[in-house]
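S.K.: quick one: sequence plus predicted model below, questions after.
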Amino acid sequence: MADTPSWSWTTPDVLAEVRGGVGFLTLNRPRALNALSLAMVRSLYEILVAWQGDPSVQAVAIRGSNKEGPFGAFCAGGDIRFFHDEAARGNPGIEDFFTEEYTLNHLVHTYGKPYIAFMDGIVMGGGMGITQGATDRILTERTRMAMPETLIGLFPDVGGGYFLSRCPGHAGEWLALTGEHVKGGDGLAIGWGDHFLSSARQADVWQALGEQDFVDGQAVRDWLRLQVESAPPESDGFAQARRLADGYFRGEGVSDILHALEAAADDAWALGTAQALRKRSPLMLHVVLDQVRRARHLSLADDLRMERTLVRHCFFPAHLGRTATSSEVVEGVRALVVDKDNAPRWNPPAVEEVTPEMVAGFFVAPWPRDMHPMAHLR
């Protein structure tokens with residue numbers, strides 16, 4: 001039994017310690033909802049690699065923090081203000097962030113030791129990237145998961161194509177295009193979580209996890225299963241939305257999906273969903289639908305390679321004859337975060353004006369295969 005850390009690592013935004021053979025990570029940037037910076041990505045990667053090769057570390061647990069202390073908020077994603085500012089400056093260093101973040105995502109999925117994610121509060125974008133590969137994903141009644149990237153002219157990256165495409169039915173297309181929030185135990189129904197644990201018990205289980213004497217990683221997982229609670233049933237509203245989404249989001253293309261939604265004059269859910277889609281980047285809606293459907297046939301490594309190609313073209317859309325400052329993502333972040341006018345000037349302005357040629361260019365890697373930034377992933 002260990003009452004004090006046997007190993008510790010402290011950086012301003014990532015706290016780490018080892019207790020009782022378990023490595024504990026706390027995202028500690030609460031004023032930014034623990035949005036991932038490049039420094040945080042590098043710290044997480046370095047710590048995880050060190051623990052992966054340390055036989056005294058049987059498992060890893062990760063949580064977020066809010067302004068009052070641990071838990072309550074996991075991670076709202078990547079630092080989109082940083083993305084906007086660096087892209088607007090034409091700084092190619094922004095690409096380092098995505099190369100290293102996707103490498104971190106791959107490490108989580110292939111870690112080889114139990115990786116326990118306490119997903120309390122907001123878990124979006126980059127937060128999903130460091131939890132969806134976990135062996136044990138713990139949801140609470142406060143969990144709010146989403147991949148809302150189309151709202152800022154981006155696509156659901158960090159392995160989003162991989163885990164969205166593996167949702168049941170056409171839920172992946174629905175959640176990818178709309179960025180709809182998945183609350184609490186509803187995430188269990190679509191495979192975004194494994195266990196449920198009420199928020200009131202998070203701190204006690206976290207503390208007790210480091211006070212055991214585990215012989216191996218399997219013992220950690222066996223102990224954890226005794227602590228979690230019975231999963232709540234899928235909420236009626238979410239179950240109904242999934243059934244409706246299965247019908248509408250099986251459409252061949254974005255225009256087909258949108259027109260079917262708008263034609264359902266007596267279906268409030270369909271009309272509301274159509275209105276939400278009309279606010280997203282029309283170009284990126286087409287790219288995202290293609291991304292999710294391609295990813296159904298890809299391994300995780302190949303999906304991350306595809307996403308790394310996509311993100312290059314999102315920030316540096318030379319194939320469209322545009323610069324970084326005229327990209328959809330820079331415009332989307334400007335409207336949502338910088339100027340906060342919520343009036344992005346998308347180009348093209350409507351889904352009906354997006355051509356197949358515009359979309360196809362996003363999937364063409366600008367590097368030779370062996371020189372791709374994610375070529376090392378297996």
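M.R.: All right, it came through fine. Remember, it's a predicted structure, so these values are computed and weren't measured experimentally.
S.K.: switch to C-alpha atoms for all contacts and neighbour counts from now on
M.R.: Noted.
S.K.: let me see the contact set for F71.
M.R.: F71 is in contact with R63, G64, S65, D120, G121, Q202, A203, counting by C-alpha atoms under 8 Å, 6 or more residues apart in numbering.
S.K.: mind listing residues that contact stretch 247-266?
M.R.: 170-171, 173-174, 270-271, 273-274, 277, 285-286, 289, 351-352.
S.K.: list the residues that contact the residue nearest to P70 when sequence neighbours are not counted.
M.R.: With C-alpha to C-alpha, 6 or more residues apart in numbering as the criterion, P70 has its nearest non-adjacent residue at 6.2 Å, and that residue is G64. With contacts defined as C-alpha under 8 Å, 6+ apart, the neighbours of G64 are 26-28, 34, 70-75, 118-120.
S.K.: quick check: next helix or strand after the host helix or strand of M145?
M.R.: If you go by DSSP states H and E, M145 is part of strand 144-146. The C-terminal neighbour of strand 144-146 among helices and strands, as given by DSSP H and E, is helix 160-164.
S.K.: check which helices and strands that following helix sits against.
M.R.: Using 3 or more C-alpha pairs under 8 Å, 6 or more residues apart in numbering; DSSP states H and E as the contact criterion, the neighbours of helix 160-164 among helices and strands are helix 171-178, helix 282-295, helix 300-315.
S.K.: I'd like the average pLDDT over the last one.
M.R.: By that I understand helix 300-315. Summarised as a single mean, pLDDT over helix 300-315 is 97.
S.K.: packing partners for it?
M.R.: Helices and strands in packing contact with helix 300-315 are listed as helix 94-109, helix 160-164, helix 328-333; criterion 3+ C-alpha pairs under 8 Å, 6+ apart.
S.K.: ok, back up a step: mind putting the contacts of G64 into JSON lines with secondary structure and distance to D303?
M.R.: Conversion of the contacts of G64 to JSON lines gives the following (DSSP: H, G, I helix; E, B strand; the rest coil; distance: C-alpha to C-alpha, whole Å):
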{"residue": "T26", "secondary structure": "strand", "distance to D303": "28"}
{"residue": "L27", "secondary structure": "strand", "distance to D303": "26"}
{"residue": "N28", "secondary structure": "coil", "distance to D303": "29"}
{"residue": "N34", "secondary structure": "coil", "distance to D303": "25"}
{"residue": "P70", "secondary structure": "strand", "distance to D303": "33"}
{"residue": "F71", "secondary structure": "coil", "distance to D303": "31"}
{"residue": "G72", "secondary structure": "coil", "distance to D303": "31"}
{"residue": "A73", "secondary structure": "coil", "distance to D303": "28"}
{"residue": "F74", "secondary structure": "coil", "distance to D303": "24"}
{"residue": "C75", "secondary structure": "strand", "distance to D303": "22"}
{"residue": "F118", "secondary structure": "strand", "distance to D303": "25"}
{"residue": "M119", "secondary structure": "strand", "distance to D303": "24"}
{"residue": "D120", "secondary structure": "coil", "distance to D303": "27"}
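S.K.: which of those residues sits closest to R166?
M.R.: Using C-alpha to C-alpha, M119 is the member of these that lies nearest R166, at 19.7 Å.
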